[in-house]
Each structure stands twice: as C-alpha cells, then as structure tokens.
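Chemist: give me the fold of what follows.
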Amino acid sequence: MSRRLEHLRGHRRFAALATALAATLAALLPAVPAAADTKQPQWAGTWATAQHASYDPGTSEVTVRIPVRVSAGGSSVRIRLTNAFTTEPVTIGHATVGRGAGGSAVAKPYELRFGGKDEVTIAAGEQAVSDAVRIPVPARGDLVVSLYFPGRLTHISQHWMGLQTVYWTPDGGGDHASDADGDAFTRTDSAFPFLTGVDVQGANAAGSVVALGDSITDGAASASNANRRWPDYLAGRLSACSTTAGVLNEGISGNRITVGVDGNPSAMDRLERDVLSQPGARTVILFEGVNDLSWGGATGDQVIDGMKEIGRRVHARGLRLIGATVVPYRGWGDWWTEAKEADRQKVNTFVRDSGGVFDGYADFDKAVRDPDDPTRYGAAFDSGDHLHPNGTGMKAFADAVDLAGLRVARDCPSARVRLTPYRPTLQAHGDGTEIMSTVTNTGTRTVTQVSTRLDLPDGWSAEPAGGTRTRSLAPGDSAAVTWTVTPAADAAWGTHEIGVRTSFLQDGRTRRDSDSVDATVTPAPSEVRAPYLTTATTTEEAQYAQNGDQFAIWAGGQDLSGWKDEKAAVYLADAAPPSGTVSARIVGQTGSGPSAKAGIAVANDLTAPAAGGYAVLTMSAQYGLEFLTDSDGDGRLDTWAGGGGSTHPAWLRLVRDGTTYTAYSSVNNGLSWTEIASADVPSASGALDAGVVASAVNLNYPGTTVQAVFDHFSVETR
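Modeler: Residues are numbered from 1 along each chain as shown. Model (predicted):
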C-alpha cells in the first residue's frame, strides 16, 4: 500500500476518534446537534460519488448548494468532504444540511460542525467528516448540502458528471448556507464539488452496496435531476425490503479496470478510496471492462487479471464481490471488432464462472442484448448510442441483480412490475396509445392474488385489454396487461408521469411494487384563439396549435434572413410597447433541417416586415442563437449576431428601448441571462407586433419542415 493511502487511513482513524469524542461530549452538552448514546449504531453510506478531477473556478466568497437523493434512510446524518485532487488546502467556513424543498430551497437547514467547530480546513489530498446531526431522513429522500467558501476559492475537487443541478451564489455572494429559500443561488452547474459522501445511522440499513463502474454506472444518457441511474433503481428495489441497505454510486465516465489517467484513476487504483473505505460497505458490484476492451486496448486476459486483483483485495477486507458481465457495444463508434467481441465473450465467461473470484454475478449482458444479434443492444434498451442504456435498460440492470446474493437485505418483494415502452408518445386529441405493464415473479416461491393498476394524471383514461388480476404466478412466470391510454383533452404538451402499481401475496403477506415512465404528449394542429393571430409567408401551408399558454407551429420556408423572409408566426398585434420585453420559452424543434429556426419576432407589422421595426431572435441546430435585425427598414434581416450551441428548452428575450433591441437567452429557466447583442433598428415606431416564429430554412434541404413548440410567451412593459 502506498504511503499516501497509509496517511489517509491514519487521517480516517483520527477522524473516527474525534467523532467518538464528540459523541461523548454530546451526553454532557445537550446543545450539540446529535444526541449520543453509549453505543452508537454503525454508520452506513447512503449516497456517494467518486471525486476525480479539479479546476480553478476563479471566484471568491461563494456558497454552493448540492441536492442529493439518498438511498437508505436514518435518524442521523453526516457528510464527507474530500480535497483529494488538489495541491492546496480548502476552507469550508460554514456548512448545513437539510431536507430538500425543491430546486435550491431547503425545508430547514441544520448546522454542520467538524469536531465541534463551524469551520474546517481540508489539506490537499485529505478529507473531512462532519459531526452527526439529527435529521429524520426517509429512504429515497432528498437532502441538500450547503457549503460556504470564505475568501478566494482557488480550486474545486469535483465529480464532473453529476447529472444534478448544483446551485451557486454569484461571485462575492457571501454566506447563504443557512438560507431556507434558494433566491441567492443564481448560478448553476452539474458537477458535484468536494462532497463525496453522505452517511446515515439509526434506521434499518444493514450496511451498503458499492457500485464500482464507468459511465454507464455514472448515469450517462439518463435524464438530469431524475435519479434514473441503475444504482438508483437498485436502491428503489432494496428500499422495499424489511432490512434495506445504502447504494453508493462510484461510477466515473471513461473509467477502466486496467489503466488510469490523470483525473480518472483506474478501478484498481481507486479501490481503497472509493470502495473499501466506505462506511458500512458490505458488498461490491463490479461493472467495468467495456472501456478497457473497446477503446482502451486491453485484452480479455488483462481485464480478467484486473478483476482477480480486485477480488483478492475486496475479499481480504471481508466484503462480498458481485461481478457484472460486460454489455454489448457493436455500433458504438468504430470500436467494435470481431477480435474484441471474442475478448468480451471471454471476460463474460469468466464472470459467470470465476472460480470464487466473484461471490455471484449479475448478467447485465443478457439483460439488454439483442437475442437476434448478441453483439448489439436490444432496441428497447438502447439510448441510441449503442453503448449506454435508456431508462428501460437501466431498470433491466437493476432487475438483474439478485438481492439475496447481496447479503445485505432480508424479506424483499419477489414480484416486480415494469411499464413499456420507456418513453411512450401520446398525441393530443388522439385515439390512445398502447402501454404494457408486466409483472414478473423473480422469487423462489409462487405468489398469488396479483393485481395491477395504472396511476394517471387527472382527466386521463386507460382501458385494459383483458383482466388486471392474476390468480398466481409461479417462479419465473410473468403476467402482462396492455392498456390503451388516452390523455385528457386539455393535457399540457410535454412530459407526464404514468405509474403502475402491483400488489400480491407473498408468504401470506401483501407486498407491493411500482414503476413509472415519462409519457410525452405531442401537439396536433388546432385553432389559435383570439387575441392571437397567425401569419405565414411560406410556399408550404403552415399549421398551428394552441393549448392554453402553449403554441406549436408546423412550417416550411426557404429562409428567414437576407433575401428571403419565409416564416410562420403566432402573434399579438400592437402588443410590444416602446419600452418593454418580449419573452418565450422554446421547448424544442423536430423534423427540421440543421438551419431551421424558431424563436421570437417583433415588427411594426409582422404581416408586412417592410413596414419597419423588424427583428427576430431564434435558435437553430447549425448556428445556435441568431439575433437578426433589419437595419434600413426594407423588410430584410441584414444584421446578425449570436452563435454557440442550441439547447432545448431555452428562454429567449428581446428587450426594447425605443429603437434599440437587446437580445438575451437563458438555459437555466431564467435564473440567469446571457446577453447576445444589441442593435439599433431606426424604423421601429409605436407599439409593435410580437410573437413566436418558425422557419424550416429548407433551400439547401428540400422538403424539410420544422415543428416548433413553445410553452411560454409574454409581452411586458418595462
């Protein structure tokens, strides 16, 4: 073992001693946040992430607020911070933790102390563990950790792919760790800074399961702020057991077993830090190898040798090791070859029969592979890049884990229910869409009195094809119900959750399981109601739809700038005052060429742009943000500013001050705005027409059209 790891161990022993001393003092000093008994139950990790890189943020006097979804619950909480990937110390001047209240808000922030002190300085390469604080935390509950950094923050140790919105105050924002509301947190990021773990005690968690993996475990291709990585789904399964366990996600995108790089140490190099030192760790699930075999240049034998070394070290610490087979990846870039496929099969044969290296295995390969071509993902599980799973694939991985084999949970439900497809699409005013619920008995005994029901948004309906009850399900058997689901007539376009619940008798006791999918309601052409008007200058017929404050436009058009002005618009006449703001949120564009534009437009008369005052602010896949204006009043958009990426949803805003327009955009729901440019349009006069606009810009892409969807449009006086 390296001297650095020995030093870290010594630091942890010292931290444990300090924590024990604090617990003793708590019995004498009631003001200490967490009460202490003579015998404290064991800590169990309930959330974790693998820090692996650092950067200089160039900021001072800031507070960060980090939301996390715990796995196991408890009555007391502590946090772990690391400064592992830096060369300088960092000071935390104030820290709090509390139950999440949505976004950056906290229901009640509790003060965190470190060895009884409000402030802690963490040396480079070291970590700090907070004192315990009493907070009742339910399994699968949301916590928010806030950290204030006094003075200049010279560096941040981070896990970069957090898939979670993390909130920061602006530079110089000061200490807001104790704020209940989140108003001060106007900047956002998606990396986890410094926070490496959250532990609980005082509940029914029998230790923790550590998932050691790469980008698939890290959650790549899953939705942000949704907690839909496969370890999250595994935590959901375990939370239904009488004795549960924490699930710790130690995935790093691009991680390998055999070789590491700066900022991404190998699985073997980080095993002590990220796995073996985790509080209450009982079982490790090793799900790595695809990076080694595909682009990493490793042979199957080298991956197997690495797995053997990990097995030896895990078992030497008294932990169980579950191996996961390497998933198929044919079609992922140009990495797949027949020789590499042979190596993958060799590794998977070893995982399934390792001779004691693994204490069990989860056949992730079998769970998601295409039965007609086992070198590829099945279409139902593929996110589209042919390596990372979609939500159904993430669930399939979690379902492939034998809970009994983890040896951390007892009395778990043996039947599971799943909804397919992963993301069903329903059309407004349509005839309904088929969605299937499937209950599978994965246990060793028959379950009886199986019933299934859907949970739908208000006003929706679902008709099952056949019965929703099954008398009994033998081990390994499944029962499926096909439902025709119809959204409410006024259902908002966008994402709606559809849930399913099943109940059954297991050993004479009623047990339950549930699942959910995100269904997307898409617009269908309909009328636009007064006071809104429409106008189109395209050769193709434009179509429109309105649903309350939502608008959709289907349009063609050769261009929307310069020599052509072909577009379709939904607008309000004479609505934009001489000093005011026009805003819209564009949810997305589909079915278009790369230059298609959608956004907001203003003019003296949108039906006749040559009347003056003409400007548009749009987004396109090829050019990003585009702010175009008519500088001479001839009806042609002849100035341009913008660029960058095109990310939906996005807010667009035009601020008018007489004849001057200033364009802004926001990708964080209006928390902060980026100025694009200002332009003078001398022909602007009086109240302007203002609306949302779309054009296919199909001159070089014949036949293409665009569907643009907006879920907000407003005109305000300044």
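
Chemist: how about S215, phi and psi?
Modeler: phi -60, psi -30 (degrees, to the nearest 10).

Chemist: ok, it - contacts?
Modeler: M161, G251, I252, S253, G254, N255, N291, H388 (C-beta atoms under 8 Å, 6 or more residues apart in numbering). All C-beta atoms are positioned from the backbone trio N, CA, C, and that covers glycine.

Chemist: any idea how far P389 is from it?
Modeler: 11 Å (C-beta to C-beta, to the nearest Å).

Chemist: cool, A245 as well?
Modeler: Separation of A245 from P389 (C-beta to C-beta): 23 Å.

Chemist: can you check P702 too?
Modeler: Applying C-beta to C-beta to P702 and P389 gives a distance of 37 Å.

Chemist: ok, and for the helix or strand harbouring K366, which residues are buried?
Modeler: Following DSSP states H and E, one finds K366 within helix 364-368. By 16 or more other C-beta atoms under 10 Å, the buried positions in helix 364-368 come out as F364, D365, A367, V368.

Chemist: beta partners of V145?
Modeler: I66, V97 (DSSP bridges).

Chemist: spit out the contact partners of K564.
Modeler: Taking C-beta under 8 Å, 6+ apart as the test, what K564 contacts is G557, Q558, L699.

Chemist: and if you look at T82?
Modeler: Q51, I122, E126, Q127, S157, F194, T196.

Chemist: 6 Å instead?
Modeler: Counting by C-beta atoms under 6 Å, 6 or more residues apart in numbering, T82 touches Q51, Q127, S157, T196.

Chemist: next one: it from L406, what distance?
Modeler: From T82 to L406 the distance is 26 Å (C-beta to C-beta).

Chemist: narrow the contacts of S215 to those in strands?
Modeler: G251 (DSSP state E).

Chemist: give me the neighbour count for the residue nearest to S242 when sequence neighbours are not counted.
Modeler: Closest residue in space to S242, ignoring its immediate chain neighbours: D411 at 3.8 Å, by C-beta to C-beta, 6 or more residues apart in numbering. Neighbours of D411 under the rule other C-beta atoms under 10 Å: 13.

Chemist: export the contacts of T82 as TSV, with columns for pLDDT.
Modeler: Output for these, formatted as TSV (pLDDT from 0 to 100):
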residue	pLDDT
Q51	95
Q127	96
S157	95
T196	98
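
Chemist: can you list those in TSV and add distance to T537, secondary structure and neighbour count?
Modeler: As requested, the contacts of T82 are exported to TSV (distance: C-beta to C-beta, whole Å; DSSP: H, G, I helix; E, B strand; the rest coil; neighbours: other C-beta atoms under 10 Å):
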residue	distance to T537	secondary structure	neighbour count
Q51	55	coil	29
Q127	63	strand	22
S157	55	strand	25
T196	57	strand	24
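
Chemist: per-residue confidence at the residue nearest to S242?
Modeler: If you check D411, the pLDDT there is 93.

Chemist: let me know the secondary structure of the residue lying closest to T674 once chain neighbours are set aside.
Modeler: Distance criterion C-beta to C-beta, 6+ apart; nearest residue to T674, sequence neighbours excluded, is S665 at 5.4 Å. Following DSSP: H, G, I helix; E, B strand; the rest coil, the label given to S665 is strand.

Chemist: show me the contacts for S665.
Modeler: Residues near S665 by C-beta under 6 Å, 6+ apart: L625, L652, T674.

Chemist: I'd assumed the first one was in a strand, is it?
Modeler: Yes. Assessed with three-state DSSP, L625 lies in a strand.

Chemist: which one of P702 and P389 has more residues nearby?
Modeler: P389 (28 against 9).

Chemist: tell me who's in contact with the more buried one.
Modeler: Neighbouring residues of P389 by C-beta under 6 Å, 6+ apart: F381.

Chemist: from A72, how far off is it?
Modeler: Distance, P389 to A72, by C-beta to C-beta: 24 Å.

Chemist: just to revisit the earlier point, strand partners of the helix or strand just after the helix holding K366, parallel vs antiparallel please.
Modeler: Sequence-wise, the next helix or strand downstream of helix 364-368 (DSSP H and E) is strand 369-370. The strands beside strand 369-370 in its sheet (DSSP bridges) come out as strand 373-377 (antiparallel).

Chemist: which residues are in contact with the strand it pairs with?
Modeler: Residues from elsewhere that reach strand 373-377, judged by C-beta under 6 Å, 6+ apart: P328, R330, G331, E341, V368, D370, H386.

Chemist: in JSON lines, list those along with pLDDT and secondary structure.
Modeler: Shown next, in JSON lines, are these (pLDDT from 0 to 100; DSSP: H, G, I helix; E, B strand; the rest coil):
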{"residue": "P328", "pLDDT": "98", "secondary structure": "coil"}
{"residue": "R330", "pLDDT": "98", "secondary structure": "coil"}
{"residue": "G331", "pLDDT": "97", "secondary structure": "coil"}
{"residue": "E341", "pLDDT": "98", "secondary structure": "helix"}
{"residue": "V368", "pLDDT": "98", "secondary structure": "helix"}
{"residue": "D370", "pLDDT": "98", "secondary structure": "strand"}
{"residue": "H386", "pLDDT": "98", "secondary structure": "coil"}
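
Chemist: taking the residues you listed, tell me the two that lie furthest apart.
Modeler: Using C-beta to C-beta, the two most remote members of the contacts of strand 373-377 are E341 and V368, lying 15.6 Å apart.

Chemist: can you give me the helices for the chain?
Modeler: For the chain, the helices defined by DSSP state H occupy 3-28, 215-218, 230-239, 271, 290-293, 300-316, 338-352, 364-368, 391-399, 403-406.

Chemist: adding distance to L426, write these out as TSV.
Modeler: Below are these laid out as TSV (distance: least, C-beta to C-beta, whole Å):
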stretch	distance to L426
helix 3-28	52
helix 215-218	29
helix 230-239	24
helix 271	46
helix 290-293	35
helix 300-316	44
helix 338-352	38
helix 364-368	26
helix 391-399	17
helix 403-406	34
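
Chemist: ok, which of those helices comes nearest S631?
Modeler: helix 215-218 (47.6 Å).

Chemist: export that closest one as PDB, just CAs?
Modeler: Extracted in PDB, the C-alpha atoms of helix 215-218 (Å, rounded to 0.1, in the frame of the first residue of the first chain):
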ATOM      1  CA  SER A 215     -20.100   6.000 -17.500                       C
ATOM      2  CA  ILE A 216     -23.000   3.500 -17.500                       C
ATOM      3  CA  THR A 217     -23.000   3.400 -13.700                       C
ATOM      4  CA  ASP A 218     -22.300   7.200 -13.600                       C
END
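
Chemist: got the buried residues for it?
Modeler: S215, I216, T217, D218.

Chemist: and the gap between the first one and G645?
Modeler: Right, S215. 21 Å.

Chemist: what residues does stretch 540-549 touch?
Modeler: 493, 523, 525-526, 528-529, 534, 536, 552-556, 568, 570.

Chemist: re the thing from before, out of the helices of the chain, indicate the one that is most buried.
Modeler: Of the helices of the chain, the one with the most neighbours on average (mean count of other C-beta atoms under 10 Å) is helix 290-293, at a mean of 26.

Chemist: give the rounded mean pLDDT of that helix.
Modeler: pLDDT averaged over helix 290-293 gives 98.

Chemist: pull that helix out as PDB, backbone CA atoms only.
Modeler: The C-alpha trace of helix 290-293 is given here as PDB (Å, rounded to 0.1, in the frame of the first residue of the first chain):
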ATOM      1  CA  VAL A 290     -16.200  -2.200 -21.700                       C
ATOM      2  CA  ASN A 291     -13.800   0.800 -21.900                       C
ATOM      3  CA  ASP A 292     -10.800  -1.500 -21.500                       C
ATOM      4  CA  LEU A 293     -11.900  -3.800 -24.300                       C
END
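
Chemist: helices and strands around that helix, which ones?
Modeler: helix 338-352 (3 or more C-beta pairs under 6 Å, 6 or more residues apart in numbering; DSSP states H and E).

Chemist: between helix 300-316 and the helix it packs on, find me the angle.
Modeler: 20 degrees (axes from the mean of the first three to the mean of the last three C-alpha atoms, to 10 degrees).

Chemist: number the chain from 12, please
Modeler: Right, with 12 as the first residue, what we last looked at is helix 349-363.
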